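Chemist: Sequence plus the predicted model coming up.
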Amino acid sequence: MAEQTARSASWLGNVLPEPYRDMMRQFFLRAEDEISRQRLPIYNRQAWEMRRQQVRRELVDALGGFPERTPLNAYITSTHQRQGYRIENLVFESQPALYATASVYVPSDLAGPAPAVLCPHGHWRHGRYQDVVQRRCVGLARRGYVTLSIDAVGYNDRLAQGHRRAWYLFSAGRTLQGIEIWDNMRAIDYLCSRPDVDPERIGCTGCSGGGNQTMYVSALDERIKASVPVCSVEVVADYMEKGFCTCEAVPAEVRVADLTEVCGLIAPRALLLIHGMLDSGFPILSARKAAARIRDIYSFYAPERFGTYESYSEHDYNEEMRRAMYAWFDRWLMGNETHGEEEEPGEAALRVLPEGLPAGHASLASIFVSEAQALPSYPEPADAQTWEMRRQYLSARLPVLLGGFPLRGDLDVRVTGAEQRKGYSLERFWFRCEPDVLLPAVYLAPTGQSHHGVALYVLEGGKSMLSQQEAEAQLAKGLAVMAFDPRGTGETEYDLETAFLSAFALGRPLLGMHAWDAIRCVDYLKSRSDVRGIHLIGRGSPAAAMAALLAAALDRRVASLSVDALPATLRLPIEDREMDQVYLPNLLELTDVAEIAAMIAPRPLSVGKLLADGLEPLPADVAPQAFDLALRTYGLLGAPEALSLG
């Protein structure tokens with residue numbers, strides 16, 4: 001791919017004197033700052049009390065809400081007696097057929113109900129079997145705490161449930177973060193049901209992704225009286241410069257709240273933040289900024305209930321950090337200092353379901369399918385007038401779902417080079433899509449023509465992926481050609497996953513940004529006096545095809561659209577990097593791919609291939625059925641021949 005890019009780039013040349021690699025990072029940081037500045041500062045307890053209600057409400061909504069509490073159906077699969085404690089391996093249903101597995105470390109010789117601690121494990125390679133997780137669980141148990149160590153969705157005994165590439169959940173209005181928080185809340189339900197647990201003395205601690213879960217479940221479940229997130233709390237702006245997992249993703253989190261406000265929901269309950277001073281993933285500077293803001297909130301209640309501890313270490317939950325955690329729980333849950341040696345009982349003692357999950361178990365994919373099927377069906381267009389009302393409704397709602405489009409500013413076109421070639425002219429230029437987003441582009445026009453239609457390309461990887469052969473074929477047909485670098489590609493290349501995740505947290509999905517880039521290219525072309533008709537072409541990936549589809553659906557100035565590798569529907573849970581961007585949050589509640597395609601009618605639409613599960617092309621005899629709504633709409637508008645499939 002890199003060799004192909006270099007080869008194809010050489011025939012077009014570069015627009016910028018040197019690549020603008022830092023553009024996207026700067027864009028995300030400025031956009032985050034713009035949103036954050038709109039929030040009123042919190043100067044007193046009354047103002048924060050109003051703000052915290054808003055944060056909690058909007059956070060739960062962003063997480064996709066929580067299901068109703070159903071029977072846990074909990075049972076112990078095995079018990080292992082150890083010196084000073086025993087291990088009870090546990091299964092329960094956090095929601096029907098979604099089995100959660102865990103180990104409960106129970107102190108020996110309890111005199112009465114004891115404090116309990118929930119331990120989410122995070123992204124350790126071995127999940128809760130990781131040595132540092134086992135050690136803290138044993139250390140807590142030998143100090144007198146009933147300790148529950150739960151498998152995250154997709155880890156260890158729950159491997160078959162799926163995890164990292166579950167972005168499809170978002171299009172049906174669910175989130176993996178919300179599902180895991182609910183798992184942890186139900187784990188607390190289980191702890192509170194035990195006679196050996198004091199429900200008024202519950203704690204929670206985890207590191208990294210487990211610290212993230214600790215932060216959120218502590219914020220939303222007030223039964224947790226003491227919380228210790230480790231190597232996880234920072235200001236939300238840092239999300240703009242790094243990646244994170246599906247299970248840490250909250251749609252439009254930047255618009256909902258800063259992470260410090262999420263932690264502020266824990267006040268006045270006890271909260272200790274532990275960080276490593278050498279942690280590159282969660283930099284200590286950001287952690288200190290976060291701590292200062294959280295401390296301000298705690299000053300309205302009980303300043304002594306907030307604390308920080310720094311270890312001169314990297315990303316870890318080491319012995320020094322664990323000692324600080326023990327002391328914090330001793331202070332706020334036990335009421336006295338405790339002691340107990342740590343050990344690792346080993347994976348064999350912690351395995352809950354050696355034979356695998358029970359038959360018929362739920363997974364993230366099955367939850368998604370169930371949620372998608374439960375969504376209302378889209379209205380059938382009865383006639384052209386009814387469809388036009390529906391199209392206008394979708395045209396108004398889709399930009400909102402995409403996070404909104406910015407105001408159209410001056411394109412500020414800057415030509416950086418021009419040359420005459422055999423049979424055509426080549427112009428290199430860039431323009432401002434948004435104030436701090438530049439789009440490098442090229443424009444090839446056949447010589448001897450004062451007016452021409454234009455083939456506008458949206459290509460995965462940018463303009464360098466346009467082959468000379470294809471461009472010259474378009475020129476031979478009398479069409480001009482425009483190709484550009486969608487933000488974060490080509491001459492503004494940026495790590496795709498970081499850009500995708502930052503845009504997700506910002507509340508403006510990258511797919512929507514790329515659709516807006518294409519629309520701004522249409523703005524540019526319409527400003528030229530030599531353009532007569534714009535024909536949009538999306539190639540190279542499902543994301544490129546969807547960006548072009550959205551642009552054409554929302555911009556009636558596009559005369560025709562040709563796409564390849566277009567998903568037939570987003571109701572299929574496809575775990576593939578190429579599909580991550582395509583699953584727009586809450587899209588399926590509004591519409592699906594076929595109806596977006598119908599919005600282009602009666603303009604010509606050519607779909608090279610429709611993709612099914614596994615990103616395999618749909619057979620020619622099946623494709624019409626998958627795109628039935630679009631075909632019927634084209635027929636309704638008297639242009640059945642304008643839609644071509646395959």
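Modeler: Arrived safely.

Chemist: how near is the residue of the chain most remote from its centre to Leu475?
Modeler: Distance from the centre of the chain peaks at Gly448, with 49.2 Å (CA atoms, centre = their mean). Between Gly448 and Leu475 the computed distance is 11 Å (CB to CB, to the nearest Å). Heads up, the C-betas are built off the backbone N, CA and C, glycines and all.

Chemist: what do you get for Leu615?
Modeler: 32 Å.

Chemist: between these two, which one's more packed in?
Modeler: Leu475 (21 against 15; other CB atoms under 10 Å).

Chemist: I'd assumed Gly423 was in contact with the more buried one.
Modeler: Yes: counting by CB atoms under 8 Å, Leu475 touches Gly423, with 6.5 Å between them.

Chemist: Between the two, which contacts overlap?
Modeler: Pro446 (CB atoms under 8 Å, 6 or more residues apart in numbering).

Chemist: Using the record's assignment, carve the protein into domains.
Modeler: Using automatic domain parsing, the domain parsing of the chain gives 2-34+407-588, 48-250+335-372.

Chemist: Any chance of those domains in TSV with mean pLDDT and distance to Arg305 as columns?
Modeler: Shown next, in TSV, are these (pLDDT from 0 to 100; distance: least, CB to CB, whole Å):
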stretch	mean pLDDT	distance to Arg305
domain 2-34+407-588	93	29
domain 48-250+335-372	94	9
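
Chemist: and of these, who's closest to Arg603?
Modeler: domain 2-34+407-588 (5.6 Å; CB to CB).

Chemist: what's the offset of that closest one from the middle of its chain?
Modeler: Offset of domain 2-34+407-588 from its chain centre (CA atoms, centre = their mean, to the nearest Å): 23 Å.

Chemist: Tell me if Ser78 really is in a helix.
Modeler: No: if the criterion is DSSP: H, G, I helix; E, B strand; the rest coil, then Ser78 is strand and not within a helix.

Chemist: what's the burial count for it?
Modeler: 15.

Chemist: quick one, what contacts it?
Modeler: Glu88, Asn89, Val352.

Chemist: Relative to Met325, which of those residues is nearest.
Modeler: Checking the contacts of Ser78 against Met325 with CB to CB, the nearest one is Glu88 at 22.4 Å.

Chemist: List the contacts of that closest one.
Modeler: Counted by CB under 8 Å, 6+ apart, Glu88 has contacts Ile76, Ser78, Thr79, Ser103, Val104, Val106.

Chemist: same thing with Thr308?
Modeler: Leu272, Leu273, Ile274, His275, Ala291.

Chemist: same question, Ala559
Modeler: Each residue near Ala559 by CB under 8 Å, 6+ apart is listed here: Gly453, Gly533, Ile534, His535, Arg603, Pro604.

Chemist: buried sites along the helix or strand harbouring the second one?
Modeler: Gly533 is part of strand 531-539 when elements are defined by DSSP states H and E. Residues of strand 531-539 classed as buried: Val531, Ile534, His535, Leu536, Ile537, Gly538, Arg539 (neighbour count, 16 or more other CB atoms under 10 Å).

Chemist: Likewise for stretch 115-131?
Modeler: For stretch 115-131, by 16+ other CB under 10 Å, it's 115-124, 127-130.

Chemist: now do stretch 52-61
Modeler: By 16+ other CB under 10 Å, the buried positions in stretch 52-61 come out as Arg52, Val55, Arg56, Leu59.

Chemist: that's a helix at the third one, yeah?
Modeler: If I follow you right, that is Arg56. Yes: under three-state DSSP, Arg56 falls within a helix.

Chemist: Now do the strand or helix carrying Ala499: which elements does it pack against?
Modeler: Using DSSP H and E, Ala499 maps to helix 496-506. Applying 3 or more CB pairs under 8 Å, 6 or more residues apart in numbering; DSSP states H and E, we find helix 496-506 packed against helix 23-36, helix 253-256, helix 510-526.

Chemist: Just want the angle from the last one to strand 531-539.
Modeler: What that stands for is helix 510-526. 160 degrees (axes from the mean of the first three to the mean of the last three CA atoms, to 10 degrees).

Chemist: Helix 510-526: which residues count as buried?
Modeler: Across helix 510-526, burial judged by 16+ other CB under 10 Å covers 510-522, 524-525.

Chemist: okay, among these, which ones form the most distant pair?
Modeler: Farthest pair in these, by CB to CB: Leu510 and Leu525, 23.0 Å.

Chemist: how far out from the middle of the chain is stretch 252-271?
Modeler: 19 Å.

Chemist: what do you get for stretch 324-340?
Modeler: From the chain centre to the centre of stretch 324-340 is a distance of 37 Å (CA atoms, centre = their mean).

Chemist: export that stretch as PDB, just CAs?
Modeler: The C-alpha trace of stretch 324-340 is given here as PDB (Å, rounded to 0.1, in the frame of the first residue of the first chain):
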ATOM      1  CA  ALA A 324      -1.800   3.400  49.700                       C
ATOM      2  CA  MET A 325      -5.100   1.800  48.600                       C
ATOM      3  CA  TYR A 326      -5.200  -0.500  51.600                       C
ATOM      4  CA  ALA A 327      -4.600   2.500  53.900                       C
ATOM      5  CA  TRP A 328      -7.400   4.400  52.200                       C
ATOM      6  CA  PHE A 329     -10.000   1.700  52.600                       C
ATOM      7  CA  ASP A 330      -8.900   1.000  56.200                       C
ATOM      8  CA  ARG A 331      -9.600   4.600  56.900                       C
ATOM      9  CA  TRP A 332     -13.000   4.900  55.300                       C
ATOM     10  CA  LEU A 333     -14.400   1.400  55.300                       C
ATOM     11  CA  MET A 334     -12.700  -0.600  58.100                       C
ATOM     12  CA  GLY A 335     -12.100   2.200  60.600                       C
ATOM     13  CA  ASN A 336      -8.800   0.700  61.700                       C
ATOM     14  CA  GLU A 337      -5.400  -0.300  60.200                       C
ATOM     15  CA  THR A 338      -5.300  -3.900  58.800                       C
ATOM     16  CA  HIS A 339      -2.500  -6.200  57.800                       C
ATOM     17  CA  GLY A 340      -2.200  -9.200  55.500                       C
END
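
Chemist: Next, give phi and psi for Ala219.
Modeler: With angles defined as degrees, to the nearest 10, Ala219 sits at phi -70, psi -30.

Chemist: Spit out the contact partners of the residue nearest the centre of the chain.
Modeler: For the chain, the residue nearest the mean C-alpha position is Ala249 (4.4 Å; CA atoms, centre = their mean). Residues counted as contacts of Ala249 (CB under 8 Å, 6+ apart) are Phe170, Thr175, Leu176, Gln177, Leu501, Phe504, Ala505.

Chemist: same thing but at 10 Å, please
Modeler: Each residue near Ala249 by CB atoms under 10 Å, 6 or more residues apart in numbering is listed here: Ala166, Trp167, Leu169, Phe170, Thr175, Leu176, Gln177, Tyr239, Leu501, Phe504, Ala505, Pro585.

Chemist: ditto for Asp383
Modeler: Contacts of Asp383 (CB under 10 Å, 6+ apart): Leu636, Leu637.

Chemist: quick one: which of the buried residues of strand 531-539 is nearest to Met185?
Modeler: Gly538 (42.4 Å).

Chemist: which residue packs closest to the closest one, ignoring adjacent ones?
Modeler: Leaving aside its chain neighbours, Gly538 sits nearest to Ala548 (2.7 Å; criterion: CB to CB, 6 or more residues apart in numbering).
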